[in-house]
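here is the input, now give the coordinates:
(chains A and B)
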Amino acid sequence: MSNGNMNLTLKVWRQSNSTAAGKMENYQLGGVSPDMSFLEMIDMLNEQIIRKGEDAIAFDHDCREGICGMCSMFINGEAHGPNRGVTTCQLHMRSFKDGDTIYIEPWRAEGFPVVKDLMVDRAAFDRIIQSGGFVSVNTSGRTMDANAIPIPKDDADKAFDAATCIGCGACVATCPNSSAMLFVSAKVSQFALLPQGHPERKERVLNMVKQMDEEGFGNCSNIGACEVQCPKNISIENIARMNREYLSASVKPEN
Amino acid sequence: MKLDGKIPEGPLDQKWTKYKNSVRLVNPSNKRNIEVIVVGTGLAGSSAAASLAEMGYKVKAFCFQDSPRRAHSIAAQGGINAAKNYMNDGDSTYRLFYDTIKGGDYRAREANVHRLAEVSASIIDQCVAQGVPFARDYGGLLDNRSFGGTQVSRTFYAKGQTGQQLLLGAYSALSRQIGKGSVKLYNRHEMMDLVVVDGKARGIIARNMITGEIESHSGHAVVLCTGGYGNVFFLSTNAMGSNVTAAWRAHRRGAAFANACFTQIHPTCIPVSGDHQSKLTLMSESLRNDGRIWVPLHKEDAEAIRAKKLKPTDLPEERRDYYLERRYPAFGNLVPRDVASRAAKERCDAGYGVNATGEAVYLDFASAIMRYGKTAATVQGVHNATEDQIRELGTKVVEGKYGNLFQMYEQIVAENPYKTPMMIYPAVHYTMGGLWVDYELMTTVTGCYACGEANFSDHGANRLGASALMQGLADGYFVLPYTIGNYLADEISTGAISTKTPEFVEAEKAVRERLEGLFKTTGTETVDTYHKKLGKIIWDYCGMARNKQGLEFAISEIRKIREEFYKNVKVPGGMTGVNTELEKATRVADFIELGELMCLDALERNESCGGHFREEYQTEEGEALRVDETFSYVAAWEFTGDPSAPKMNKEDLIYENIKVQQRSYK
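Numbers count the residues shown, from 1 in each chain, chains lettered A, B, ... in the order given. Just a heads-up that it's a prediction; the model follows:
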């Protein structure tokens, strides 16, 4: 069992609700163990805050194993902190040093309004999926046998890789344009690579891009920060694929 | 309370078909006037809400997360079972049924489990049609692997993210219906109470977690798909928000709570590292396909390893004890979870544990890496490959199968599991107990249904790996959409349900008072303090091993915790706006009551079965000893008004198709 031996200065964004003005607050926290996860460190800070009778820092988190996509902190200017390929909940304090000052902010994007403190509203992502991120198949015990259509392993693997997106929004938060192209393209790619997605291929990409634009997300200008900071290493190849899908859906008139 | 399982007559393999042929239907124009509330959007909830909306019902779906896609089904790793027999290894509907009943240590209902096995194949077809990217082999067909408690490969998977892919499939189906307006989504809403009008479930009281408002929502039926209660232990593999409040509040309104003490301790989780720990992380059971579990054969070696004077990789084969392979040669490392967990505890209690706290065993991939490496070398035509080359090739294969799990492990433990064996220890993972339901998945409150982990129905006293995903989707896609019609057929002329009736007003008032009460203490202790206290008591006395004396002690301690909680808990902030501490406090309050019921249930069951291991009842070899003559029943507890004095009702389990016997995995 490790000893708590780190002292930290934490600068945390506090904002009481979506309309209030927010600001950075300073907190001192001692006794932090390098084996703690980042969120366990925030838990410890919150215990300290609550014991003083103050309002706990609100932050989104749930599974704490890097898969639900709920945690969403901008740490020292980076989405999910300094490590690559992990979410905030998987980040451990051994990535920091005793005496460090850590800046903790919410995702900042027009499409993701702040709800409180470090919590943001990501319902825009749900609405994008609702606009076309599905295969229109009703529940039925009479769909064809699962092995009726063989799918080349390479296509299936690529579709899977795209489908591992957890919808956390780090791509948007880290993009100077607040673009949601990585998120949208991951879903478009998953279905474009699988035969089951083909019948609705055109409407899907057109509808999802339209919704994405309406939600106030910016355009992609090939900066590539999204891919770097994506905790699931979703490739920007997906954006290229979505652009191809979009182009072919746009230029070919429907017969 | 009268328990009627409503099991259809007839031969086992025809019950479900016959039921479907005779169940009442609701015509499309009438469905449009019927509203169904679905609480929870995991596999069971999303699939139920989407399917009901596709059929034409008006659906209101509730989740406490910011998006339905984040429900904890997302974290399921290893796979989903289905009796497809794609591997040609002799699998069948009957074998899946048999394995599930036996795995559950003969404490599940035959008819329900057979139905589950029957619909399992349709689940895979449905998911593939939705574009779920399951793992495939080089011929483009679906791949399978093995899970515990079976001798066939019937587990479909998507690397270590099967739950994620299945949930995103169900979420996409749900999203399609939300987009069409057939489902109204209430995200960041938590159910605080069930509303019962004239004996029928007619709605829920929910708290809007953004504004803090207490809201009434009505419907012709309420479907609870709210998951399990593993977080009663504080430390579990459940998500931080997973809680029992919806189910518990339904229980307090009349729904019987069954087999509360049947909890699953999963054998392969990352061990506890310190007091700061907020949750535990599972390492998928699929790893037991290739990982071998061992501890040192000699205590001196275990001590040296604990003192970091000896590395596990330096310990020669003859000084290792592969205790599962030794004790259970037929199933080896793939024994069911309860058996594997107890075996790990037995070795660690005997002093052979391998981490600083002595509560860890090894899960070793070295031989799998070499085995796969040799095959890969042969396939790639690398002749006379060196050991290093073989290891490198084998590492790639293992990475392809379990890459994300190994990465997760390395993040948490800061050790490379490709090079040194993983350390693992059992942790709370799943709860077989839950709301009692009949064959139609209706609870003892008319019109209130429970699906997925929230009900008790299919897993008996121990769930087999990869069966939770199967059950959640079976209930939501293929069972509830039929059975609920049998009830709703009587509701076609009911009309819209008002939320202005005295029952709604009373329930709303009660919720408000309950929450306001939490601010009225002059206390100083945080909610987590009580949750941790409760969790430790339950882990110590109602965890992997239980006995009469310990359970009685736990019950008295939990009563003290309950009393202290209401006197001394400190909840900052107020009723309005986001208040995460208030959310936690309401959940912990209900966990305290549930914890007591778990201990009462465990105390009453004077036998060992599955995950319920009473030390007084074991064979000479230390295996669970059932007492079928007395305890072959479901214990369905009824709330009486006093959480300490619930009334037990029995549903006898009748086995007509399976010979009940001592479980053996030797």
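
name the nearest residue to the closest residue to chain A within chain B, sequence neighbours excluded.
Per C-beta to the nearest C-beta, B:Gly140 is where chain B lies closest to chain A, at 3.0 Å. The way it works is simple: take the backbone N, C-alpha and C, and place the C-beta from them, glycine included. In space, and not counting its chain neighbours, B:Gly140 is closest to A:Pro150: 3.0 Å by C-beta to C-beta, 6 or more residues apart in numbering or on different chains.

do the same with A:Val12
Nearest to A:Val12 is A:Ile104, by C-beta to C-beta, 6+ apart, at 4.8 Å.

verify the stated contact: the one you found with A:Phe74.
Yes: using C-beta atoms under 8 Å, A:Ile104 is in contact with A:Phe74, at 7.2 Å.

show me what contacts the residue of chain B closest to chain A?
Residues counted as contacts of B:Gly140 (C-beta atoms under 8 Å, 6 or more residues apart in numbering or on different chains) are A:150-153, A:156.

other SSEs contacting whichever strand or helix holds B:Arg514?
Element membership for B:Arg514, per DSSP states H and E: helix B:502-519. Contact here means 3 or more C-beta pairs under 8 Å, 6 or more residues apart in numbering or on different chains; DSSP states H and E; on that basis helix B:502-519 packs against strand B:189-197, strand B:200-208, strand B:214-218, helix B:580-604.

among these, which is nearest B:Thr524?
Closest approach to B:Thr524 among the helices and strands packed on helix B:502-519 is made by helix B:580-604 (13.4 Å; C-beta to C-beta).

distance between the closest one and the chain's centre?
17 Å (C-alpha atoms, centre = their mean, to the nearest Å).

helices and strands around it, which ones?
Counting by 3+ C-beta pairs under 8 Å, 6+ apart, helix B:580-604 packs on strand B:189-197, helix B:245-252, helix B:502-519, helix B:527-541, helix B:548-568, strand B:633-638.

for chain B, what's its nearest residue on chain A.
For chain A, C-beta to the nearest C-beta, closest residue to chain B: A:Pro150, 3.0 Å.

ok, that residue - contacts?
B:136, B:139-141.

and it, that's in a strand?
No: applying DSSP: H, G, I helix; E, B strand; the rest coil, one finds A:Pro150 to be coil, outside a strand.

list the contacts of B:Gly40.
B:62-63, B:71, B:224-227, B:246, B:452, B:454.

in the chain, what spans have low per-residue confidence?
With no chain named, the answer covers chain A. The model of chain A has pLDDT under 70 over residues A:1-3, A:252-255.

so which residue is dead centre in it?
A:Cys168 (1.9 Å; C-alpha atoms, centre = their mean).

the residue nearest to that one when sequence neighbours are not counted: neighbour count?
Leaving aside its sequence neighbours, A:Cys168 sits nearest to A:Gly69 (C-beta to C-beta, 6+ apart; 4.1 Å). Look at A:Gly69: counted by other C-beta atoms under 10 Å in any protein chain shown, it has 27 neighbours.

surely B:Thr263 and B:Met598 touch.
Yes: between B:Thr263 and B:Met598 there is a contact under C-beta under 8 Å: 7.4 Å.

mutual contacts of these two, please.
In contact with both B:Thr263 and B:Met598: B:433, B:542, using C-beta under 8 Å, 6+ apart.

which of the residues in stretch B:537-548 are buried?
For stretch B:537-548, burial by neighbour count (16 or more other C-beta atoms under 10 Å in any protein chain shown) applies to B:537-539, B:541-547.

so which of the contacts of A:Pro150 are in helices?
Using DSSP state H to define helices, no part of the contacts of A:Pro150 is located there.

show me where chain A has helices.
Under DSSP H, chain A gives helices at A:38-51, A:123-130, A:153-163, A:170-174, A:181-192, A:201-214, A:225-229, A:237-251.

could those helices be laid out in CSV, adding distance to chain B and mean neighbour count?
Below are the helices of chain A laid out as CSV (distance: least, C-beta to the nearest C-beta, whole Å; neighbours: other C-beta atoms under 10 Å in any protein chain shown):
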stretch, distance to chain B, mean neighbour count
helix A:38-51, 5, 20
helix A:123-130, 4, 23
helix A:153-163, 4, 20
helix A:170-174, 14, 28
helix A:181-192, 5, 27
helix A:201-214, 9, 19
helix A:225-229, 16, 19
helix A:237-251, 14, 17
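
okay if I get those as a markdown table plus distance to B:Met442?
Below are the helices of chain A laid out as a markdown table (distance: least, C-beta to C-beta, whole Å):
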| stretch | distance to B:Met442 |
| --- | --- |
| helix A:38-51 | 39 |
| helix A:123-130 | 31 |
| helix A:153-163 | 35 |
| helix A:170-174 | 43 |
| helix A:181-192 | 36 |
| helix A:201-214 | 38 |
| helix A:225-229 | 47 |
| helix A:237-251 | 44 |
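
and of these, who's closest to B:Leu185?
Between the helices of chain A, helix A:123-130 lies closest to B:Leu185; by C-beta to C-beta that is 7.6 Å.

could you check the angle helix A:181-192 makes with the closest one?
20 degrees (axes from the mean of the first three to the mean of the last three C-alpha atoms, to 10 degrees).

what's the angle between helix A:123-130 and helix A:201-214?
160 degrees.
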